[in-house]
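S.K.: Next come a sequence and a model predicted from it.
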Amino acid sequence: MKQLEKLNEEEIERYARHIVLRGIGGPGQQKLKSARVLVIGAGALGSPLIQYLAAAGVGTIGVVDDDTVALSNLQRQVIHSTADVGRLKLDSARDAVGRLNPHVSFVSHVLRLDADNARALVRDYDLVADGSDNFETRYAVSDACFFEGKPLVTAAVGVFDGSLTTLRPFDRSEHGKPNPTYRCLFPEPPPAGTVPTCSEAGVLGALTGTMGAMMAMEVVRQIVGFGDALIGRLLLVDAWSMRFETMQYEWDPANPLNGEKAGSV
């Protein structure tokens, strides 16, 4: 069992509203301090996610990103400021975390995650939160988390819509069936060119903040162990009509990871 780190007096005061909270308390806050979370992307989803994880007291936050801050990012990527334009997003994010919570260790991975390096990256962390903006990275991350046995919180945003789910396909459900994989939910990526990019179609800035904050909630719930996780459930957010819905999905026996004929990935 992982040894939990003790909280000092300053941390007890800082996290007082968590410590008195039913479901977290002192032991839960110690779990957060001892946790290592890998965030994929320091952009639209990663910005609020990283800030709320740091504020919550997650002890080590690793972030994967190789991009620099552009002026057009600032409409939604709120961890960065005008003065950061041209800087590496990881340098800007690291400085923001340092200002927010000096008790958090920030680890920079200045690279683009792919199928070749994903497993080595996720191996050093307890949980992964994917805020990437392309299907190639999402499949690489989800496959790596499956093989390394790491929980994955993954979200995506469109123009006025967002989605969020949690994946633990290395575990089984209460009914004894394997939990679903990302490939159970999305067996194949959409054809190239069918999903417009953010620069082409635009995106509502506050929507990315909402989804990133909900990712942070789900990460905290996974670390501490309270509530009902979004395993086998896809949360759908419609910002146009302000509706929240949940879609159930299940393990697909045909999926190539933990399906009946596993081993094709």
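M.R.: Yep, that arrived. Numbering: from 1, shown residues only.

S.K.: Helices of the stretch 101-250 of the chain, start to end?
M.R.: Using DSSP state H, counting those that start in this stretch, the helices of the stretch 101-250 of the chain run over 118-122, 135-148, 182-185, 198-201, 205-224.

S.K.: Gly46 touches Val37, doesn't it?
M.R.: No. In this structure Gly46 lies outside contact range of Val37 using CB atoms under 8 Å: 11.5 Å. In short, each C-beta sits where N, CA and C put it, glycine included.

S.K.: just to revisit the earlier point, rebuild the helices of the stretch 101-250 of the chain as CSV, extending it with mean pLDDT, distance to Ala192 and mean neighbour count.
M.R.: Formatted as CSV, the helices of the stretch 101-250 of the chain follow (pLDDT from 0 to 100; distance: least, CB to CB, whole Å; neighbours: other CB atoms under 10 Å):
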stretch, mean pLDDT, distance to Ala192, mean neighbour count
helix 118-122, 98, 21, 20
helix 135-148, 96, 10, 21
helix 182-185, 95, 18, 21
helix 198-201, 74, 13, 11
helix 205-224, 97, 24, 22
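
S.K.: Low-confidence bits of this protein, can you list those?
M.R.: Across the chain, the ranges flagged by pLDDT under 70 are 1, 193, 263-264.

S.K.: Would you mind measuring from Leu45 to Gly131?
M.R.: Computed as CB to CB, to the nearest Å, the Leu45 to Gly131 distance reads 3 Å.

S.K.: same thing with Cys198?
M.R.: From Cys198 across to Gly131, the span is 13 Å (CB to CB).

S.K.: Leu45 and Gly131: which has the busier surroundings?
M.R.: Per other CB atoms under 10 Å, whichever of Leu45 and Gly131 has more neighbours is Leu45, with 33 against 30.

S.K.: can you list residues touching both of Leu45 and Gly131?
M.R.: By CB atoms under 8 Å, 6 or more residues apart in numbering, Leu45 and Gly131 have these common neighbours: 155, 212, 215.

S.K.: Confirm for me that the last one is in contact with Leu152.
M.R.: Think Met215. No. If you go by CB under 8 Å, Met215 and Leu152 don't touch, sitting 10.8 Å apart.

S.K.: Which residues does stretch 234-242 contact?
M.R.: With contacts defined as CB under 8 Å, 6+ apart, stretch 234-242 is touched by 160-165, 185, 204, 206-207, 210-211, 214, 243-249.

S.K.: in the sheet, who's paired with the residue positioned nearest the centre of the chain?
M.R.: Nearest residue to the geometric centre of the chain (CA atoms, centre = their mean): Ala129, 2.0 Å. For Ala129, the beta-bridge partners under DSSP bridges are Val39, Val153.

S.K.: from what I can see it touches Ile40, true?
M.R.: Yes. Assessed by CB under 8 Å, Ala129 is found in contact with Ile40 at 7.0 Å.

S.K.: so Ala144 makes contact with Tyr125?
M.R.: No. Counting by CB under 8 Å, Tyr125 is not a contact partner of Ala144; they are 10.8 Å apart.

S.K.: what touches both of those two?
M.R.: With CB under 8 Å, 6+ apart as the test, Ala144 and Tyr125 both reach Lys150.

S.K.: and the nearest residue to Gly23 once chain neighbours are set aside, how many residues sit next to it?
M.R.: Distances taken as CB to CB, 6 or more residues apart in numbering place Phe226 nearest to Gly23, at 3.8 Å, with adjacent residues excluded. Other residues within reach of Phe226, judged by other CB under 10 Å, total 15.

S.K.: all strands for this protein, in order.
M.R.: Secondary structure of the chain (DSSP state E): strands at 36-40, 60-64, 105-109, 127-130, 152-157, 161-167, 233-238, 243-248.

S.K.: just checking, what packs against the third one?
M.R.: Here strand 105-109 touches strand 60-64, helix 89-100, going by 3 or more CB pairs under 8 Å, 6 or more residues apart in numbering; DSSP states H and E.
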